[in-house]
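**Student:** Coordinates only, no sequence provided:
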Ligand SMILES: Nc1ncnc2c1ncn2[C@@H]1O[C@H](COP(=O)(O)OP(=O)(O)OP(=O)(O)O)[C@@H](O)[C@H]1O
Ligand SMILES: Cc1ncc(CO)c(N)n1
């Protein structure tokens with residue numbers, strides 16, 4: 001069986017973070033391992049607390065997993081400190097992990113920059129160069145490329161700038177767009193350059209808690225199974241559309257997805 005490691009925070013309400021990742025990986029029939037970066041007290045109405053895991057103990061978790069069940073792919077979500085970034089980069093290099101999907105949880109839905117500058121510097125210098133696919137949402141695509149996105153062309157250009165800066169593929173997610181939910185993939189390999197649009201209608205469902213975590217885990221599961229980046233994103237996009245479209249309605253706020261819609 002293929003294995004995927006998720007490095008992320010715990011969401012007590014089960015809709016995002018480690019819990020969303022493990023559910024997604026399990027329905028994709030890959031074996032999930034997990035290294036937890038932080039505990040969060042959150043639910044569909046918001047986050048009330050974050051308790052980061054101290055660097056030493058975070059590294060102990062990484063060591064336990066890598067020294068025993070080397071992952072076929074790694075998914076990275078919320079990171080809680082600069083030290084954790086350095087530890088993740090160290091293990092990806094030491095174990096030569098090739099399939100790494102990172103969801104750069106950097107900008108909140110309201111537009112606030114969540115990662116302080118000191119941590120951003122280490123992310124940019126040490127972690128991003130070891131990533132195979134970065135999955136920024138629209139505000140993060142603007143932030144990481146340094147340009148304003150007004151249409152498809154400026155979005156394509158922004159993804160290309162990010163991809164060239166860190167030598168990785170980039171999936172710019174359109175969940176925050178007002179018109180549709182189209183995602184755009186820019187992938188430059190040795191011999192070719194791919195620009196792929198994944199069109200999707202915006203589903204009229206207020207419950208989208210954990211969409212980013214779920215999408216990146218689904219992509220990592222498909223990569224672990226041997227699909228290309230382009231195919232992995234296509235399958236993951238179908239999965240996320242189904243999980244949102246199943247219209248699960250739990251909690252009093254922005255509710256979670258139905259991870260098991262396809263079973
Ligand atoms: N209402 C919707 N209808 C259809 N697809 C959606 C909708 N909202 C989000 N998506 C899709 O879900 C995936 C996650 O996108 P999004 O841009 O919301 O990521 P994110 O902001 O990182 O997520 P999160 O809010 O969990 O941090 C993308 O494939 C996006 O197109
Ligand atoms: C733990 C965690 N990771 C990521 C997100 C973003 O969806 C969240 N709400 N919680």
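**Tutor:** Good, I have the coordinates. It should be emphasised that the depicted structure is a prediction, and the values quoted were computed from it without experimental measurement. Ligands and ions are numbered 1, 2, ... in the order given.

**Student:** Let me see the ranges of the strands in the protein.
**Tutor:** Along the chain, counting by DSSP state E, strands occupy 3-11, 31-43, 46-52, 73-76, 100-102, 133-134, 169-172, 183-188, 193-198.

**Student:** Of the ones you listed, which stretch is the most buried?
**Tutor:** Across these, averaging neighbours per residue (mean count of other C-beta atoms under 10 Å) puts strand 73-76 on top, at a mean of 29. Every C-beta, even on glycine, is put in place using the N, C-alpha and C of the backbone.

**Student:** Now do that one: everything it contacts.
**Tutor:** 2, 4-8, 21, 88, 92, 97, 99-103, 127, 131, 216-217, 219-221, 223-224 (C-beta atoms under 8 Å, 6 or more residues apart in numbering).

**Student:** Tabulate the strands of the chain in TSV, adding columns for distance to residue 67 and mean pLDDT.
**Tutor:** Listed next are the strands of the chain as TSV, based on distance: least, C-beta to C-beta, whole Å; pLDDT from 0 to 100:
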stretch	distance to residue 67	mean pLDDT
strand 3-11	12	97
strand 31-43	12	96
strand 46-52	23	92
strand 73-76	15	98
strand 100-102	18	98
strand 133-134	25	98
strand 169-172	29	98
strand 183-188	32	96
strand 193-198	36	94
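
**Student:** now those strands in JSON lines, with distance to ligand 1?
**Tutor:** Formatted as JSON lines, those follow (distance: least, C-beta to the nearest ligand atom, whole Å):
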{"stretch": "strand 3-11", "distance to ligand 1": "10"}
{"stretch": "strand 31-43", "distance to ligand 1": "12"}
{"stretch": "strand 46-52", "distance to ligand 1": "12"}
{"stretch": "strand 73-76", "distance to ligand 1": "13"}
{"stretch": "strand 100-102", "distance to ligand 1": "11"}
{"stretch": "strand 133-134", "distance to ligand 1": "11"}
{"stretch": "strand 169-172", "distance to ligand 1": "8"}
{"stretch": "strand 183-188", "distance to ligand 1": "5"}
{"stretch": "strand 193-198", "distance to ligand 1": "7"}
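
**Student:** need the contact list for residue 133.
**Tutor:** 100, 101, 102, 168, 169, 170, 171, 219, 223, 229.

**Student:** And residue 140, by the same measure?
**Tutor:** Contacts of residue 140 (C-beta under 8 Å, 6+ apart): 104, 106, 107.

**Student:** For the stretch 151-263 of the chain, what lies in contact range of ligand 1?
**Tutor:** 173-176, 181, 183, 200, 202-203, 205, 208, 210-213, 215, 237, 240-241, 244 (C-beta under 6 Å from any ligand atom).

**Student:** Point out where the stretch 1-150 of the chain drops to low pLDDT.
**Tutor:** 109-110 (pLDDT under 70).

**Student:** Show the residue spans covered by the helices in it.
**Tutor:** Secondary structure of the stretch 1-150 of the chain (DSSP state H, counting those that start in this stretch): helices located at 17-27, 55-66, 82-94, 117-122, 138-145.

**Student:** just checking, which of those sits deepest inside the structure?
**Tutor:** Comparing the helices of the stretch 1-150 of the chain by mean count of other C-beta under 10 Å gives helix 17-27 as most buried, with a mean of 24.

**Student:** Would you tell me whether it gets close to ligand 1?
**Tutor:** No - Helix 17-27 stays clear of ligand 1 (C-beta under 6 Å from any ligand atom), getting no nearer than 8.5 Å.
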